[in-house]
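> Any chance you can model this:
(one chain, ligands or ions: 1)
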Amino acid sequence: MPGAEDPGFPAYHASRSGGLAELDLRVSGCRACPRLVAWREEVAEGKRAAFRDWEYWGRPVPGFGPPDATVAVVGLAPAAHDRTGRMFTGDATGDFLFVALHALGLASQPTSVDAGDGLTLRGVRLTSPVHCAPPANRPTPAERDTCRPWLAAELELLSPGLRAVVVLGGFGWQALLPVLADAGWRLPRPRPAFAHGAHVVLPATERRQELHLLGSYHPSQRNTFTGRLTMPMLTEVLREAAGIGGLGT
Ligand code: SF4
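Sure thing, here's the model as predicted:
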């Protein structure tokens, strides 16, 4: 059995996880990418001045949201300055996203700051193809491939109810497509291109139900400060996904 520092750890354990709680626990203990392990621990040790008194997460960040989610929201990787162990928490991206989710009735509150703040999601699961924050927000292709089994297994476990995936940004889109193929969906050829407002329907197969893939610009500080992505633009994409997922906003 591969140990946590073995590159084969994710592939071995992901497919053997009987439920999301077990999968999340195993993700949290993964140390398969030495560069990312060193980086996440260095950031957690050094801390940003504004968060000096906080306890950093400093570990892989598993998906966040209920196991019966019908909509998944997928980025590329978690934020470096996360203090909660939740996806999309620790920088301006999460600040923007949780406001949108709350406005649509999909999050119990518009902020995600403290692990004990009671935040819950309704029908939505937040996750990513890479579970450790990478330097400069850029995982290497090898790190992306090593981490892939975790998300493939997560989508497998969600698949009975999953109807839509919202992908935030082109890097997340590129990383997600092979995961979807691994998890049993049939992708069109040529592979669909990312765009804000992109909407691709992956047909039902013997193993999988129809799945809607929706693209949105990433709610990074750069995109939201420059107005490339506005709150109405993000809300519109999330509302469409929620409608497909039967979440009735
Ligand atoms: S990026 Fe994924 S595979 Fe690599 S150490 Fe983190 S959780 Fe493990």
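
> What's the mean pLDDT across the longest helix that the chain contains?
If you go by DSSP state H, the chain has its longest helix at helix 141-158. The predicted model gives helix 141-158 an average pLDDT of 95.

> Start the count at 43 instead of 1 going forward.
Noted, 43 is the first residue going forward, which turns the last one into helix 183-200.

> Can I get it as CSV, trimmed to CA atoms?
C-alpha atoms of helix 183-200 as CSV (Å, rounded to 0.1, in the frame of the first residue of the first chain):
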residue,chain,number,x,y,z
PRO,A,183,1.5,19.1,-15.2
ALA,A,184,2.9,16.2,-13.1
GLU,A,185,1.3,17.6,-9.9
ARG,A,186,-2.0,18.1,-11.7
ASP,A,187,-1.9,14.5,-13.0
THR,A,188,-0.9,13.1,-9.6
CYS,A,189,-3.9,14.8,-7.9
ARG,A,190,-6.4,13.9,-10.6
PRO,A,191,-7.7,10.6,-9.0
TRP,A,192,-9.0,12.5,-6.0
LEU,A,193,-11.4,14.6,-8.1
ALA,A,194,-12.3,11.7,-10.4
ALA,A,195,-13.3,9.7,-7.3
GLU,A,196,-15.2,12.7,-5.9
LEU,A,197,-17.2,13.1,-9.2
GLU,A,198,-17.8,9.4,-9.2
LEU,A,199,-19.3,9.6,-5.7
LEU,A,200,-21.4,12.6,-6.6
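
> Now the element after that helix, going C-ward?
strand 206-210 (DSSP states H and E).

> returning to what we had before: and the ligand, is the longest helix of the chain touching that?
Yes - Helix 183-200 lies within reach of the ligand by Cβ under 6 Å from any ligand atom, at 185, 188, 189. C-beta: built from backbone N, CA, C; applies to glycine.

> Could you dump those residues into TSV and include neighbour count?
As requested, those are exported to TSV (neighbours: other Cβ atoms under 10 Å):
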residue	neighbour count
185	20
188	22
189	27
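
> so which of those residues would you say is closest to residue 279?
residue 189 (24.9 Å; Cβ to Cβ).

> so what's that closest one closest to, chain neighbours aside?
With Cβ to Cβ, 6 or more residues apart in numbering as the criterion, residue 189 has its nearest non-adjacent residue at 4.9 Å, and that residue is residue 172.

> quick one, what contacts the one you found?
Counting by Cβ atoms under 8 Å, 6 or more residues apart in numbering, residue 172 touches 78, 118, 119, 181, 185, 186, 189, 217.

> Nearest to the ligand among the residues of helix 183-200 next to the ligand?
Taking Cβ to the nearest ligand atom as the measure, the ligand lies nearest residue 189 of these, at 3.2 Å.

> In contact with the closest one: list those residues for me.
52, 74, 75, 171, 172, 173, 174, 181 are the contacts of residue 189 under Cβ under 8 Å, 6+ apart.

> State the three-state secondary structure for the second one.
The reference is to residue 74. coil (DSSP: H, G, I helix; E, B strand; the rest coil).

> worst-scoring helix or strand of the protein, pLDDT-wise?
Here the helix or strand of the chain ranked lowest by mean pLDDT, DSSP states H and E is helix 76-88, holding a mean of 80.

> picking up where we left off before, narrow the contacts of residue 172 to just the buried residues.
78, 118, 119, 181, 185, 186, 189, 217 (16 or more other Cβ atoms under 10 Å).

> ok, the third one to residue 279 distance?
Translated: residue 119. 20 Å (Cβ to Cβ, to the nearest Å).

> Equivalent analysis for the first one, please.
Between residue 78 and residue 279 the computed distance is 29 Å (Cβ to Cβ).

> coming back round to it: go through the buried ones among the contacts of residue 172 and say which is closest to residue 273.
Using Cβ to Cβ, those come closest to residue 273 at residue 118, 21.1 Å.
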